[in-house]
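Asks: need coordinates for the below:
(chains A and B)
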Amino acid sequence: MSLMAPVASSSISDSASLLSDPKKEDSYSEYQRCANPCLPIEKYDKEFKIDRKTVRYEQQYANLYFVRLSILKRRVEKVAAEAWDGIEFWSQPAKQVDRVLDVKQGELSWVVGTVYMEMPQKPNILDEITKEFWTVVPISKDKFADPEHDEITLEDDSGRLVLAGSVIKNQLIVTGCVIAVLGAETASGEFEVRDIIFPGLAPQIPRSISTSTSKRYIALISGLDISGSIHQGYETSLLIEYLMGELGSDPSFAHGSDIVHAIFAGNSLAEASESDSDSANSLLPSKDKKYGYDKASYDSKPTETLDSILAELSMSLSIDLMPGDQDLTNSSMPQQPIHPALLPKTRRFVKSTFTTVTNPYWCEVDGARILGTGGQAISDIYKYVKGDDRIEMMKSTLLWQHCAPTAPDTLWSYPFQDKDPFILDECPHVYFAGNQPEFATTVMQGDDGQRVRIIALPKFSVTKEIVLLDIDTLECEVVSFKAGV
Amino acid sequence: MPPKKKSTAGRSKSIGTPKQARLTDSFRHTKKSPSVGSPAQKEASSGKESVEDITTVSSAELPIDHVDLLPKVKQAEKEKESAITEEKVEVEEPAERLDYNDPAYSTFLDKLLENEIAEPIHQEGVSTVIKILKKFDSTATYGPSYGMTRLQRWNRAEKLGFEPPPEVYKILVSQEGREEEELREGYLHGQI
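Replies: Take a look at the predicted model:
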């Protein structure tokens, strides 16, 4: 794209040329963006998209847990058998027990099952019904975790087994992950855990070393939180100008033109709220109900603003728009792509530079397979465990081979009957989760030579930061738009 | 029963509307698609009925100034008709009839009952085929049985690698296995 404003450094020294028309002899460097190499992976796209013609909500969630246990049990069994076969504790060999309820008292054995955490502070529908006549308002807490009263159980199609011991209490574990535990049943009926094994990192498709000479980046932006109000900070405009190449001078143009793709990882729209009293809509009488909705409480500004921003960006940069928990799509996982009809100006760019995609989202760029989520699964896991190490939680989801284990317990999910699309059959090369409190990144190594770059994307509206991912080396850098640093 | 309700609603619509032959009504006819969920044969017959009603309406009662629309409407109907007949042909591929007295089923049932602790009680009038299907429903290895047809559950068990018995598949794929609700749906269907 060519520069519009004549702010080339060469002409600043010549004071006569300031505020005059650009001279024909002056040459300005032109920067081109190369074509977008990032494409969604068809196989996973089909898995996450729910066909509206055959959708049914009458099924029960037991099917989802059954499929999850059936698939992951085999994988854990293999890993556990390798690790524990022939092991001896208390002069007993460890034996595998098929069903969770078949463990015998005093015998060292290992068993596979789904974890279920019994938490008194977790919102419980039965409590809501029994407390109907009480006036006590429950204080909403950040976390459900209550280490003294929480019970960790292992569940199977036969029943539940209560797990005890410090090993399991200190482990980062949530409802819905499939694990193998080694130990023995105590006199009180609880299973004292000696060791835990997860399915481990899934096999990774090897990536060929890329031969491109130029640097290429993918911009990962999350938590844009556009509300369209006049009080919205100017950082969003700065971001757009930076991506369009209208900001800064020559070096930053070169850097900006290396960005070939942008992924908006969730929460591009701000949380829905009543419109401000200083907006123009408050002039209308509140009883004016045109087109069936009350104009005083409905505001179309957020989507209009987002639409103009995306339409402008789509002219020079290819975009993938992922939904988050505040966006206009279904709130249960897997979230369906935001319908382009909501963004009329950007709709023109569908099938060329603009794509609305599901949450979670798998894409591939030059052999590097990227898995991205809007961050709801990680924020949900945060409620179950103590501490705030988001990278630890993301590492755990990779080890559990499941990107949203708390679905459908506390994370809303579609009741799948014959598949669980959140199970990770392969390990991605890059794994990012949006809407996290701060930026964090690490590289995780697996036993079979897997390498994953894990990125926790910060919320742009709070931290004013975006992440640039280098396609060839898979390294990240943060671009900050904060004023007054 | 839900499937029956859907198909009668479809039929009454097609009989009710041909009274007014206006432009907007003929659009409404062509846009209507067969309901999902009713058995394939009932679906095909009700769809065909409505198409026949449309052709009689459009040729006889439409005013002259709608002549331009007529070829397009007729073409859309023809395409729909051919699509429906194609569907019908697929379904009518001979599904085998179920042999209730096949000795293979009784030997299979004996094998299943070998592992049982107690004798089955109050099962004098129940046929072998139904006993096999109920045993299939209550086998925990294949997962929850409520909310899906037995064939769907069999396919899911196969996909997950549990090797469900081929005898059960043969029963479910036969003509009676597809048509009769007692064989097609799980034993809890309609009760919860």
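
Asks: state the pLDDT value of the closest residue to A:Ser331 other than its chain neighbours.
Replies: Of all residues not flanking A:Ser331 in the chain, A:Trp412 sits nearest, at 6.0 Å (Cβ to Cβ, 6 or more residues apart in numbering or on different chains). In this view, the C-beta of every residue, glycine as well, is placed from N, C-alpha and C. The model reports A:Trp412 with a pLDDT of 90.

Asks: try A:Ile197
Replies: A:Ile197 carries a pLDDT value of 94.

Asks: in the sheet, who's paired with it?
Replies: Beta-bridge pairing for A:Ile197 (DSSP bridges): A:Ala180.

Asks: number of nearby residues for it?
Replies: Residues contacting A:Ile197 under the criterion other Cβ atoms under 10 Å in any protein chain shown number 20.

Asks: any idea how far it is from chain B?
Replies: 21 Å (Cβ to the nearest Cβ, to the nearest Å).

Asks: do I have it right that that residue meets A:Ala83?
Replies: Yes: with contacts counted by Cβ atoms under 8 Å, A:Ile197 reaches A:Ala83, the gap being 5.9 Å.

Asks: give me every residue that touches whatever residue of the stretch 51-200 of chain A ends up closest to chain B.
Replies: Proximity of the stretch 51-200 of chain A to chain B (Cβ to the nearest Cβ) peaks at A:Phe66, 4.0 Å away. Residues counted as contacts of A:Phe66 (Cβ atoms under 8 Å, 6 or more residues apart in numbering or on different chains) are A:Asp157, B:Gly143, B:Pro144.

Asks: which SSE is it in?
Replies: For A:Phe66, the enclosing helix or strand under DSSP states H and E is helix A:62-84.

Asks: what's the mean pLDDT across that helix?
Replies: Here the average pLDDT along helix A:62-84 is 93.

Asks: now do stretch A:448-463
Replies: In the prediction, stretch A:448-463 has an average pLDDT of 93.

Asks: can you give me the end-to-end span of it?
Replies: 36 Å (Cα to Cα, to the nearest Å).

Asks: pretty sure A:Thr356 sits against A:Pro340.
Replies: Yes: taking contacts as Cβ under 8 Å, A:Thr356 lies within contact range of A:Pro340: 6.0 Å.

Asks: between the two, which contacts overlap?
Replies: A:Val350.

Asks: more neighbours, these two?
Replies: A:Thr356 (21 against 17).

Asks: where does the more buried one land on pLDDT?
Replies: 93.

Asks: Three-state assignment for B:Leu151, please.
Replies: helix (DSSP: H, G, I helix; E, B strand; the rest coil).

Asks: also A:Val167?
Replies: helix.

Asks: any idea which element the nearest residue to it once chain neighbours are set aside lies in?
Replies: Spatially, and ignoring its direct neighbours in sequence, A:Val167 is nearest to A:Val193 (5.0 Å; Cβ to Cβ, 6+ apart). In this assignment (DSSP H and E), A:Val193 forms part of strand A:191-197.

Asks: residues making contact with that strand?
Replies: A:76, A:79-80, A:83-84, A:89, A:103, A:154, A:161-165, A:167-168, A:171, A:173, A:179-186.

Asks: could you redo the last one with a cut-off of 7 Å?
Replies: A:76, A:79-80, A:83, A:89, A:103, A:161-165, A:167-168, A:171, A:179-186 (Cβ atoms under 7 Å, 6 or more residues apart in numbering or on different chains).

Asks: fine by me, we can end here.
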